[in-house]
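> fold the following and give me the result.
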Amino acid sequence: MMHYDFVFSGFGGQGVLFGSQLLAYAAMEAGLHVTWIPSYGPEMRGGTANCTVVISDEEIGAPLVRHPSAVVALNYPSVEKYEPQVAPGGLLLYNASLVLRPPTRVGIHCVPIPASDVAAELGNAKLLNMVMLGALLQITGVLPIGTVEQSLEAHLPARRRDMLEANKLALRRGAELAQEPLVAA
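Take a look at the predicted model:
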């Protein structure tokens, strides 16, 4: 049985909802069962946002996740909140560009990805969600990057079509970073 439960978390405006929704669309289009539950504070930009995605090859009984198998934390408050909740042996993938104090919990895999720095190198700070998603895909193997790229083509809003190739590049760059030896958990 294949079953993944992920939490994406960060500040509003960092692309938490879009990145997690793209993963959900890709999984659905790959014929898997999916739930996607967004949660955000009163402000879309600047407030905190998190999203839970459950992907399985069987029906999903309950979409609520208390101890996710993986957390994608785009900022330090997200690391603080979710580090204790990651399932034993699970993954805490965090944006090392903004998280200056690495997680210390024993018994989980903590993987730093300098996503904000890479997004800036690629020319747009808003690409950090795709860098992190690419790293998550590489580490977990939940879906091939090509499947997510196809969903990106289908679901990127018309007003953002000019960012299609940059988003694909960010996905691939995140996957490359997750393969580098210094990132090994």
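> from now on I want contacts and neighbour counts done on CA atoms only, so please keep to that.
Fine.
> strands along this protein, start to end?
3-11, 33-40, 48-56, 70-73, 91-95, 109-113 (DSSP state E).
> what pairs with the shortest one, and is each one parallel or antiparallel?
The partner list of strand 70-73 in its sheet, established with DSSP bridges, is strand 3-11 (parallel), strand 91-95 (parallel).
> mind listing residues that contact that strand?
The contact list for strand 70-73 (C-alpha atoms under 8 Å, 6 or more residues apart in numbering) reads 4-10, 79, 82, 86-87, 90-95, 132, 136.
> please indicate which of those are buried?
Buried by 16 or more other C-alpha atoms under 10 Å: 5-10, 79, 82, 86-87, 90-95, 132, 136, out of the contacts of strand 70-73.
> show me what the helix ranked longest in the chain packs onto, helices and strands only.
Ranked by number of residues, the top helix in the chain under DSSP state H is helix 164-179. Secondary-structure packing of helix 164-179 (3 or more C-alpha pairs under 8 Å, 6 or more residues apart in numbering; DSSP states H and E): strand 109-113, helix 128-140, helix 145-155.
> which of the ones you listed sits most buried?
helix 128-140 (a mean of 25; mean count of other C-alpha atoms under 10 Å).
> now it, how far from the centre of its chain.
A distance of 6 Å separates the centroid of the chain from that of helix 128-140, by C-alpha atoms, centre = their mean, to the nearest Å.
> send me that helix as CSV with only the CA atoms.
Below are the C-alpha coordinates for helix 128-140, written out as CSV (Å, rounded to 0.1, in the frame of the first residue of the first chain):
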residue,chain,number,x,y,z
LEU,A,128,10.7,28.9,-3.4
ASN,A,129,7.6,26.7,-3.2
MET,A,130,8.6,24.9,-6.4
VAL,A,131,12.2,24.4,-5.2
MET,A,132,10.8,22.8,-2.0
LEU,A,133,8.3,20.7,-3.9
GLY,A,134,11.0,19.4,-6.2
ALA,A,135,13.1,18.4,-3.2
LEU,A,136,10.1,16.7,-1.6
LEU,A,137,9.4,14.7,-4.8
GLN,A,138,13.1,13.6,-5.0
ILE,A,139,13.3,12.5,-1.4
THR,A,140,10.0,10.7,-1.1
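> lovely, talk soon.
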